[in-house]
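Colleague: structure for this input, please:
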Amino acid sequence: MVSTQRAQTREVGIHREEEETSTWEFSEHPTVKAVITKQLTPAVCVFPLQFVKLKIAGHSCAALNDPGCQIPIVSERKFGWCKDGAVGTVSLHGFGRDHAVQAPLVRLTVRMCSNEECVNADVDDEGHVKQTEIPLVCAVTD
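Modeller: Numbering: from 1, shown residues only. Below is the predicted model:
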C-alpha cells in the first residue's frame, strides 16, 4: 500500500463587503486656498568673548567670562599641582558623541584683578569690602 500525500494550500483572511465610515475626529482636512512664502534672514548675533583677569591660588591668569557655566574649569597645565588634594571627581561631557572626561575637583581661592595688579581686600570709605578672595570648587582638565 503506497500512500501519496498532497500539500494543500489555501488563503486565509477576512474579507468585508460593507464600507466602514470613519469617525476619527481629524478625518476631515481643511482646504487651503492660497499659500504665501516669505524668505527670512536668520537672526544670528555674534558676540566677542569676554575675559576677566583673576588671581587663582596666587597665580595670575585670564578667565573666560561665561555666566552660563555649570562648573568652573581650570587648566591642568597650570593647576595640575593641586590634583593631589582633590575632594572628588566629576564627569565632563563634551560636544562629541560619547566623549566624557573624568576630572578631579579641587578647592581654589579666586580674586578679581584690575588691569594693573590684583586688588587686595580693600575697604572703602563706608566700610564695605571692595574685593576679597572667594573659595571655589573647580574641575582640573585640559
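
Colleague: endpoints of stretch 56-75, how far apart?
Modeller: One end of stretch 56-75 sits 11 Å from the other (Cα to Cα, to the nearest Å).

Colleague: what does that stretch contact?
Modeller: Contacts with stretch 56-75, where a contact means Cβ atoms under 8 Å, 6 or more residues apart in numbering, come from 49-55, 78-79, 82, 90, 92, 103, 106, 108-111, 113, 118, 136-142. All C-beta spots, glycine's among them, are computed from the backbone N, C-alpha and C.

Colleague: report the beta-bridge partners for residue 61.
Modeller: Beta-bridge partners recorded for residue 61 (DSSP bridges): residue 54.

Colleague: and if you look at residue 90?
Modeller: On DSSP bridges, the residues paired with residue 90 through beta bridges are residue 103.

Colleague: does residue 83 count as helix, strand or coil?
Modeller: Per DSSP: H, G, I helix; E, B strand; the rest coil, the secondary structure class of residue 83 is helix.

Colleague: distance-wise, check it relative to residue 105.
Modeller: Per Cβ to Cβ, to the nearest Å, residue 83 is found 10 Å from residue 105.

Colleague: between those two, which contacts overlap?
Modeller: Common neighbours of residue 83 and residue 105 (Cβ under 8 Å, 6+ apart) are residue 140.
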